[in-house]
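Q: Here is my input, please return the structure:
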Amino acid sequence: MFYNYPDHTLVYWRNEQSGQLPNAVKKLFSNSSNFNQEDADLIRGYLKHWTSFKGHYFPKEDDRQALLNQLDQAQSIKDFNRITKELLTYAIDPF
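A: So this is what the prediction gives:
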């Protein structure tokens, strides 16, 4: 995916160059009925990128892995909002 930079830095959604991710984020934020599988795949990849970043502290590595497992199953706006709220409890704000 387009998030894997050689220096392993985080990529912010607004800086993504294809325009696809910003559109998916806008649909997510607006709770759009047009949110589709392609959008879900983009949001999932983006949130996995942020969750996997080793610069983010998790008290237990199992906590990180549990969130990654949840992301593997996430499909809906509700799923992604729930996971994003959980990331915020770890002071990780991808949006």
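
Q: other SSEs contacting the helix or strand residue 38 falls within?
A: According to DSSP states H and E, residue 38 maps onto helix 37-52. Counting contacts by 3 or more C-beta pairs under 8 Å, 6 or more residues apart in numbering; DSSP states H and E, helix 37-52 is packed against helix 20-29, helix 61-73, helix 77-89. Where you see a C-beta, it was placed from the backbone N, CA and C, and this is true even at glycine.

Q: what comes up buried for the last one?
A: Of the residues in helix 77-89, those scored as buried under the neighbour-count criterion (16 or more other C-beta atoms under 10 Å) are 77, 79-80, 83-84, 87.

Q: In JSON lines: those residues, plus pLDDT and distance to residue 36.
A: Putting the buried residues of helix 77-89 into JSON lines (pLDDT from 0 to 100; distance: C-beta to C-beta, whole Å) gives the following:
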{"residue": "77", "pLDDT": "97", "distance to residue 36": "11"}
{"residue": "79", "pLDDT": "98", "distance to residue 36": "14"}
{"residue": "80", "pLDDT": "98", "distance to residue 36": "13"}
{"residue": "83", "pLDDT": "98", "distance to residue 36": "18"}
{"residue": "84", "pLDDT": "97", "distance to residue 36": "19"}
{"residue": "87", "pLDDT": "97", "distance to residue 36": "23"}
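
Q: ok, back up a step: reformat the helices and strands packed on helix 37-52 as JSON lines; add distance to residue 43.
A: Formatted as JSON lines, the helices and strands packed on helix 37-52 follow (distance: least, C-beta to C-beta, whole Å):
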{"stretch": "helix 20-29", "distance to residue 43": "5"}
{"stretch": "helix 61-73", "distance to residue 43": "9"}
{"stretch": "helix 77-89", "distance to residue 43": "5"}
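
Q: and the residue lying closest to residue 90 once chain neighbours are set aside, how far is that from residue 72?
A: Take residue 90 and drop its neighbours on the chain: the residue closest to it by C-beta to C-beta, 6 or more residues apart in numbering is residue 58, 6.0 Å away. Counting by C-beta to C-beta, to the nearest Å, the gap from residue 58 to residue 72 is 17 Å.
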